[in-house]
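Participant: Below: sequence and its predicted model.
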Amino acid sequence: MAGGALLPVALLVCLALAGGADAARKPVGFYELKNKKGDFSIKVTNWGATLVSVFVPDCKGNVADVILGYDTIAEYVNGTASFGSTVGRVVNRIAKARFVLDGKAYRLFRNDGKNSIHGGHRGFGKVIWTVKEYVSGGDSPYITFFYHSFDGEQGFPGDLDVYATYRLSSPYDLSITMNATATTKATPVNLANHAYWNLAGHDSGDVLQQELQIFASSYTPLDDTKILTGQIEPVAGTIYDFLQPTPVGEHMDIVPGGGGGYDLNFVVNGQQDAFRQVARVDDPKSGRGMEVWANQPGVQLYTANWVINEKGKNGKVYGQYGALCLETQAYPDAVNHPEFPSSIVRPGQVYKHDMAIKFYQDA
């Protein structure tokens, strides 16, 4: 939820601590990509390389915005839900906000109890990115953002050059590519897009009856502090079994006022770095559906458990379970679990995260 008084947009440049004096000259704004037909478009902002809106038609041709978000840059600055942002340097939680890499201990900014989450209090979703390329229309409109993360930022080692590209293609495909190159030191990297999806429309209420399928036969259990235990368990016989299309709310705990729901990493079936289908969501009312594809070993399902009375776009007040996130990712806290696939990127190596959202309509 948003906290504190909203800041004037004119003060945004003061918040881009990374980049120093150069950051003060970076404009912050919204950018639109639209297909030739005009019925599929997105808006993004270079504040946090954030996905702001996704307009896509339903089975009758009615176009609606299917992600939660805000109307103004100032609301994104003050918001705490990470609506649509590019999260990093490491998405999700790192236990006790510390890790050891190559024999050296690193301590991170604590912003989730004793843990670090989403890269710290000023992670990649809370900084100004540079627009490197922008083609708003044509057969394959796209925009590429760049961010240089400095050595020691939020406690992470080494300089890191990061690119995030949004691209539209025919008929209704949105691709999101996140690349990062370590230049000076080894560092953990785990980037994710944090869009909140509601295929009935961002202003349509909860998603409990939308059908979800996750192509994952296993999940990574959590302890009481939401840190991975290091185990991998089968989803069979649990409330985490989405191997067949299942209404989101069919088995989940409903806890009014905050909590309940899902907030868990699933182990995606198939080769860990292969580009493959991760999940599918269908909204029976509108006929909209989407497939999620990626080349990452895991995906975090989050059902907006703590989005409570959050004022969003067009004055809509978002409520609990009003969307779901499908964040393709490396396993959370992998830097503290050598038994998990490594999230370490060494100097000269390139981290590559390819993601695609493929929309369709069912009559």
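Facilitator: Good, I have the coordinates. Quick caveat, the model's predicted, so the values are computed rather than measured. Numbering: from 1, shown residues only.

Participant: hey, where'd the helices end up in the chain?
Facilitator: 73-78 (DSSP state H).

Participant: just for it, where's the confidence low?
Facilitator: Where the chain drops to pLDDT under 70, the residues are 1-25.

Participant: what's the single longest strand in it?
Facilitator: strand 350-361 (DSSP state E).

Participant: Name the residues of that strand that are buried.
Facilitator: By neighbour count on 16 or more other Cβ atoms under 10 Å, the buried set for strand 350-361 is 351, 353-361. Glycine gets a C-beta too; all of them are placed from N, C-alpha and C.

Participant: of those, closest to Val292?
Facilitator: Of all those, Val292 sits closest to Ile357, with 6.1 Å by Cβ to Cβ.

Participant: Excluding chain neighbours, what is closest to Ile143?
Facilitator: Tyr134 (4.8 Å; Cβ to Cβ, 6 or more residues apart in numbering).

Participant: residue contacts, the one you found?
Facilitator: 31, 142-144 (Cβ atoms under 8 Å, 6 or more residues apart in numbering).

Participant: May I have the distance across stretch 95-115, first residue to last?
Facilitator: End-to-end distance of stretch 95-115 (Cα to Cα, to the nearest Å): 5 Å.

Participant: So that it lines up with my notes, have the first residue be 26 from now on.
Facilitator: Renumbered: residue one is now 26, and that last one reads stretch 120-140.

Participant: possible to save the buried residues of strand 375-386 as CSV with distance to Pro272?
Facilitator: Shown next, in CSV, are these (distance: Cβ to Cβ, whole Å):
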residue, distance to Pro272
Tyr376, 35
His378, 29
Asp379, 29
Met380, 25
Ala381, 24
Ile382, 21
Lys383, 21
Phe384, 20
Tyr385, 19
Gln386, 20
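
Participant: Asp186: which of these is nearest?
Facilitator: Nearest to Asp186, judged by Cβ to Cβ, of the buried residues of strand 375-386 is Tyr376 at 10.4 Å.

Participant: Surely that closest one touches Thr202?
Facilitator: No. With contact defined as Cβ atoms under 8 Å, Tyr376 does not reach Thr202; the gap is 11.2 Å.
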